[in-house]
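Visitor: got a sequence here, can you model it:
(one chain, ligands or ions: 1)
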Amino acid sequence: MHSPWEYPDFDDHEIVHFSTDAETGLKLIIAVHSTHLGPGAGGVRFWHYGEAGDALRDALRLSRGMSYKNAMAGLPMGGAKAVILADPERTKTPELFAAYGRAVQGLGGAYVTAEDVGITVADLVEVAKQTEFVSGLPAGQGEVGGDPGPHTSYGVFLGVKAAVRHALGKDSLSGLHIAIQGAGSVAGGLARRAAEEGARISLADIDRGRAEALAGEVGATVVDPAEIMTLEADVLSPNALGAILTEASIAALRVPLVAGGANNQLATPDDGQRIHQRGILYAPDYVINAGGIINVAMEYLKSGDQQSVKRSVEQIPVRLEQIWAESEATGRNPADVADAMAQRLIGRA
Ligand code: NAD
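Guide: Alright, predicted model coming up:
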């Protein structure tokens, strides 16, 4: 039995809140990693976990990731994440989200919630009936808010272009071959922009219909999900699951750079070093995929309009260039450089 303070993935989190609500069946973990830069912001995941320990691990790891992501995006927000342990059928009720909203309110603003896996804008509307500490709500015409996906994919597109400029010395994606893993919200936005610029795209999704629909729209080639990571291409852009960069998959890569929006791409910290040693340029995931949280934060803070969200997302390539420059100057790999920068920003160097 671990002491709570020695629990794997516990990283001096400021708050780890566990609660249950017998009436609605809510089982909840909220992890606030750091409020050094502001209220802890991060989505709530609604997932059925086989082991409750996996839910805690997710909350601890993802909340630290949000601290790093928000700091590197220049947001006045700390990092946090919530996990609702769903039943096997992932049954949602308004009462469950009301109880969740009351729990968020009870933390008095240390945590600001938003969408993550399994959560829709409609669910957050229920949550917002109970708490003011919520973002990612429906936006009126011209207002900041709504689905963060398009902002994430815009940032990923800009990050891919920055990586291409840095590694290949090219200002355009025209004529380049881009391998995209995933055909969902983030991948779709990237594929459309890249195709518009004249890139040749190969893409894969375990949902074949989804892959074919996107490929038909942008003139891409669908490849088998098992093949996308080993395709010979100018860019690999992972936009599906995490932990896809492993010792084995890194050894099999046939691309000069990896830049995509999926969270937690490196299976272990060693994999950041492995990809670097292979001479492959890596765009740290939580830096390149910050477009969505930028939109969520600016909605919450009421600190700008759609133009200022866009300008802020357009800083992502600048941040990536800083990381790659420091990596080249010090010989440290970009993932380590990004972590160190983020730790400095949140006062944990
Ligand atoms: P999504 O659910 O719209 O799309 C994900 C797609 O990946 C799905 O179509 C799914 O079938 C596919 N997929 C799953 N496993 C796969 C595999 N092994 N091979 C190929 N395809 C596979 O999700 P999204 O919003 O586009 O998010 C994609 C990634 O980006 C996730 O890792 C997410 O955490 C991350 N991300 C998203 C946002 C956002 O604003 N949506 C923000 C930051 C990070």
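
Visitor: what comes into contact with the host helix or strand of Thr20?
Guide: Using DSSP states H and E, Thr20 sits within strand 15-21. Contacts of strand 15-21 from elsewhere in the structure, counted by Cβ atoms under 8 Å, 6 or more residues apart in numbering, are 4, 10, 26-32, 40, 56, 59-60, 80, 99, 103, 107, 110-111. To be clear about C-beta, it is placed using only N, CA and C from the backbone, and glycine gets the same treatment.

Visitor: same question, stretch 185-200
Guide: 147, 149-150, 152-154, 156-157, 160, 172-178, 180-181, 183, 201, 203, 205, 214, 217-220, 237, 239-240, 260-262, 289.

Visitor: buried subset of those residues?
Guide: Neighbour-count burial (16 or more other Cβ atoms under 10 Å) applied to these gives 147, 149-150, 152-154, 156-157, 160, 173, 176-178, 180-181, 183, 201, 203, 205, 214, 218, 220, 237, 239-240, 260-262, 289.

Visitor: can you narrow the residues you listed to ones near the ligand?
Guide: Restricting the buried ones among the contacts of stretch 185-200 to those near the ligand by Cβ under 6 Å from any ligand atom leaves Gly149, Thr152, Gln181, Ala183, Asp205, Asn239, Ala240, Gly261, Ala262, Asn289.

Visitor: sorry, back to before: in helices, which of the buried ones among the contacts of stretch 185-200 appear?
Guide: Using DSSP state H, Gly149, Pro150, Thr152, Ser153, Tyr154, Val156, Phe157, Val160, Leu214, Val218 are the members of those that sit in helices.

Visitor: in space, what's closest to the last one - neighbours in sequence excluded?
Guide: Same thing as Val218. Nearest in space to Val218, with sequence neighbours left out and distances taken as Cβ to Cβ, 6 or more residues apart in numbering, is Ala195 at 3.9 Å.

Visitor: got the residues of the protein near the ligand?
Guide: Residues of the chain lying close to the ligand by Cβ under 6 Å from any ligand atom are 148-149, 152, 181-187, 204-207, 210, 225, 239-242, 261-263, 289, 292.

Visitor: pretty sure Val337 sits against Ala329.
Guide: No: taking contacts as Cβ atoms under 8 Å, Val337 lies outside contact range of Ala329: 9.4 Å.

Visitor: who has more neighbours out of those two?
Guide: In this view Val337 and Ala329 are compared by other Cβ atoms under 10 Å, and Val337 has more residues nearby, 22 against 9.

Visitor: before we move on, what SS does the more buried one have?
Guide: The three-state label given to Val337 by DSSP: H, G, I helix; E, B strand; the rest coil is helix.

Visitor: now do the buried residues in stretch 317-330.
Guide: Of all the residues in stretch 317-330, those buried under the rule 16+ other Cβ under 10 Å are Pro317, Arg319, Leu320, Ile323, Trp324, Glu326, Ser327.

Visitor: could you check how far the third one is from Lys81?
Guide: To tie it back to what came earlier, the one meant is Leu320. Counting by Cβ to Cβ, to the nearest Å, the separation of Leu320 from Lys81 is 24 Å.

Visitor: center of this structure - which residue?
Guide: For the chain, Asn263 is the residue whose C-alpha lies nearest the centre (Cα atoms, centre = their mean; 4.3 Å).

Visitor: contacts only, for that one.
Guide: Contacts here follow Cβ under 8 Å, 6+ apart; on that basis Asn263 touches Leu62, Gly65, Gly242, Asp285, Tyr286, Asn289.

Visitor: what's the answer for Gly242, then?
Guide: Applying Cβ under 8 Å, 6+ apart to Gly242 gives the contacts Ala262, Asn263, Asn264, Gln265.

Visitor: so what pLDDT did it get?
Guide: At Gly242, the predicted lDDT confidence score is 87.

Visitor: nearest residue to it in space, please, no chain neighbours.
Guide: In space, not counting the residues next to it along the chain, Gly242 is nearest to Asn264; the distance is 3.5 Å by Cβ to Cβ, 6+ apart.

Visitor: am I right that the one you found is in contact with Gly65?
Guide: Yes: at 6.8 Å, Asn264 and Gly65 qualify as touching, with contact defined as Cβ under 8 Å.

Visitor: more neighbours, those two?
Guide: Just comparing Asn264 and Gly65: by other Cβ under 10 Å the higher neighbour count belongs to Gly65, 20 against 16.

Visitor: tell me the contacts of that one?
Guide: Taking Cβ under 8 Å, 6+ apart, we find Gly65 in contact with Gly79, Lys81, Asn263, Asn264, Tyr286.

Visitor: which of the contacts of strand 15-21 are buried?
Guide: Buried residues within these, defined by neighbour count using 16+ other Cβ under 10 Å: 10, 26-32, 40, 56, 59-60, 80, 99, 103, 107, 110-111.

Visitor: mind checking which of these are in helices?
Guide: Leu56, Ala59, Leu60, Ala99, Ala103.

Visitor: farthest pair in those residues?
Guide: Based on Cβ to Cβ, the longest span within those runs between Leu60 and Ala99 and measures 22.3 Å.

Visitor: count the residues that sit near the residue of the chain found nearest the ligand.
Guide: As assessed by Cβ to the nearest ligand atom, the ligand sits closest to Gly184 within the chain, at 1.8 Å. When counting by other Cβ under 10 Å, one arrives at 16 neighbours for Gly184.
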